[in-house]
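Chemist: 3D, please:
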Amino acid sequence: MKPLKYISVVIFVALLFWAMPVQSHADNVVRDTAGRSIRVDAPFTRIISLYGAHTRNLKNLGLDDEIIGICPMDVWAGKRTFSYHDGLEKFLAARPDLVLIRPMIDLAYTALVKGMEKAGIIVVSLQPGSVDEMFDYWIALGVLTGKVNQARQMVCSFKNEIAGIQAVTQAIADKKQVYFEAIHSRMKTFTPGAMAIFALETAGGVNLAQDAPSVRGTNIAFYGKERILSHAHEIDVFLAQKGAMNQPTIEMIKNEPGFDVIRAVKENQIFIVDEKIVSRPTMDLLKGIHTIADMLYPGMLEKGGVQ
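Modeler: Below you'll find the model as predicted:
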């Protein structure tokens, strides 16, 4: 790969995983990650979502007719698709009153964002970096769309289910130690506060890379093969997320030079999990926790009365 192209890819990946907190959502005012303050006197009714998590959460809040556009990877029958690669004219022709983006779009596609704002379209950039920030983010979406009560119910339901799962997993006497891979080609994992690590620890796993330093303030962390192999005899389970920017396979991990000394590789305890259910700030995080729990301790949650 040519140096300039390599640098561009690195920057894009860093922006992709860059999550910042929702600043506030008090008194019907939402302040986004870029510092915009949006006063909501009436719910927005012509919304375009350019991030899959936004789309998923808007659907969970009970919205439908209000959503006039979604991003190409989303699934929502009858909805028109929009991308940050599209020209400004396509957005202007659709006449949205709100376009929901995330920081990566705000920073990498400035001309499109500024063009929409110049045309009077409200743009809001949101992407929480932790579970606590996720609750604020859900409420902010509720303020923007007139669904605050539904957003609060989402928070309540999520917390109740987490409490039920933790009642089972916290009682595990001998918890499995896990290396959770974020990006295979670069030997990267997650920072301790990342949602993927929350999912792992709630499911009863122990994160072996608790000392992993963040990459440019993102939830992705440096680790490297040497440090992974320093834990070779401690890793009970090797878990890897799979998504658009990371496509590992079990065979790829097994055949990685040097990985044959890792206990999890020797004992075929390698698992791949969809990043959409472990790294995105949606209710699907619960599905991710159940999935990881079944990988680590098959049938444990069902035996504990958690469905």
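Chemist: check contacts around Val155.
Modeler: Listed by C-beta atoms under 8 Å, 6 or more residues apart in numbering, the contact set of Val155 reads Phe135, Trp138, Ile139. (Glycine included, C-beta is placed from N, CA and C.)
Chemist: ok, the first one to Ile162 distance?
Modeler: Relative to Ile162, Phe135 is positioned 11 Å away (criterion: C-beta to C-beta, to the nearest Å).
Chemist: what about those two, which has more around it?
Modeler: Comparing Phe135 with Ile162 by other C-beta atoms under 10 Å, the one with more neighbours is Phe135, at 20 against 16.
Chemist: nearest residue to the more buried one other than its sequence neighbours?
Modeler: Excluding the flanking residues, the one nearest Phe135 by C-beta to C-beta, 6 or more residues apart in numbering is Val155, at 4.8 Å.
Chemist: For the protein, which segments are assigned as helices?
Modeler: Remark: helices assigned in the chain by DSSP state H are 3-16, 52-60, 88-94, 103-108, 110-118, 131-145, 148-169, 195-202, 225-230, 250-254, 263-266, 285-296, 300-303.
Chemist: Quick check: mean pLDDT of the first one?
Modeler: The average pLDDT within helix 3-16 is 46.
Chemist: ditto for the second one
Modeler: Per-residue pLDDT values over helix 52-60 give a mean of 97.
Chemist: quick check: angle from it to helix 148-169?
Modeler: Helix 52-60 and helix 148-169 meet at an angle of 110 degrees, taking axes from the mean of the first three to the mean of the last three C-alpha atoms, to 10 degrees as the criterion.
Chemist: which ones are touching the residue nearest in space to the middle of the chain?
Modeler: Nearest residue to the geometric centre of the chain (C-alpha atoms, centre = their mean): Arg280, 2.2 Å. Shown in contact with Arg280 (C-beta under 8 Å, 6+ apart): Gly52, Ala53, Arg56, Met195.
Chemist: Among the helices of the chain, which comes closest to Asn28?
Modeler: Relative to Asn28, the nearest member of the helices of the chain by C-beta to C-beta is helix 131-145, separated by 5.9 Å.
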